[in-house]
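A.B. asks: Everything below, folded, please.
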Amino acid sequence: MKQTKIAINLVGLEELKAKVGDQYRARVGILGSHGARTAGEDGKPAVLDNATLGVIQMFGSITKGIPPRDFLDMPVRSHAREIVQAMGASSVKKAVAAGNFKRVYDLLGAAALNWVLMAFETAGFGQWPPNKPSTIARKKSDRPLIDTSQLRRAQTSDTVNRSEIV
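C.D. replies: Numbers count the residues shown, from 1 in each chain. Got it, this is the predicted structure:
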């Protein structure tokens with residue numbers, strides 16, 4: 001399975017990073033076993049896995065007429081201030097004080113994941129192109145990226161040791 005990496009520098013985390021070091025990385029997206037999809041409503045196996053579908057949705061497909069709908073980078077970048085503010089929570093301060101730096105990264109990933117999930121619920125905070133009429137008729141919904149909700153549910157976060165990143 002191919003993996004797409006998107007690195008984001010969240011301004012304001014430098015001080016926290018200085019305290020906790022750079023041993024860990026918080027990751028958000030379609031990770032590990034969350035790439036699999038279940039069978040469709042027709043009972044047929046899924047043609048694409050979530051990771052492949054995610055790449056198509058993130059960057060669009062000219063041949064399929066699918067516009068890009070950024071559900072990872074845009075929510076994190078546009079809500080970086082709120083994510084940084086979440087790092088001021090008492091749970092983060094307690095983790096730093098206890099030297100539990102992995103926990104700090106866990107909380108950072110959870111804060112970013114929250115905004116990714118909200119993008120699905122708000123059509124990319126109103127920024128995603130609307131569905132085509134034919135898509136609305138087929139899905140019986142005008143909500144972009146919400147069909148079976150498998151792609152949304154595939155979003156998760158984790159914390160890995162920097163040395164584990166390929």
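A.B. asks: Excluding chain neighbours, what is closest to the most centrally placed residue in the chain?
C.D. replies: Nearest to the mean C-alpha position of the chain, counting by Cα atoms, centre = their mean, stands residue 29 at 3.7 Å. Nearest residue to residue 29 in three dimensions, chain neighbours excluded: residue 72, at 5.5 Å (Cβ to Cβ, 6 or more residues apart in numbering). C-betas here are computed from N, CA, C, even on glycine.
A.B. asks: which SSE is residue 82 in?
C.D. replies: helix 80-86 (DSSP states H and E).
A.B. asks: List the buried residues for whichever strand or helix holds residue 114?
C.D. replies: Assigned by DSSP H and E, residue 114 belongs to helix 101-121. The neighbour-count check on helix 101-121 (16 or more other Cβ atoms under 10 Å) flags 101-117, 119-120 as buried.
A.B. asks: just stretch 44-58 next, same as before
C.D. replies: Quick answer for stretch 44-58 (16+ other Cβ under 10 Å): 49-54, 57-58.
A.B. asks: what does stretch 149-161 contact?
C.D. replies: 23-32, 34-35, 37-38, 46, 50, 53-54, 57, 71, 102, 105-106, 109-110, 112-113, 116-117, 120, 145-146 (Cβ atoms under 8 Å, 6 or more residues apart in numbering).
A.B. asks: Fine by me, we can end here.
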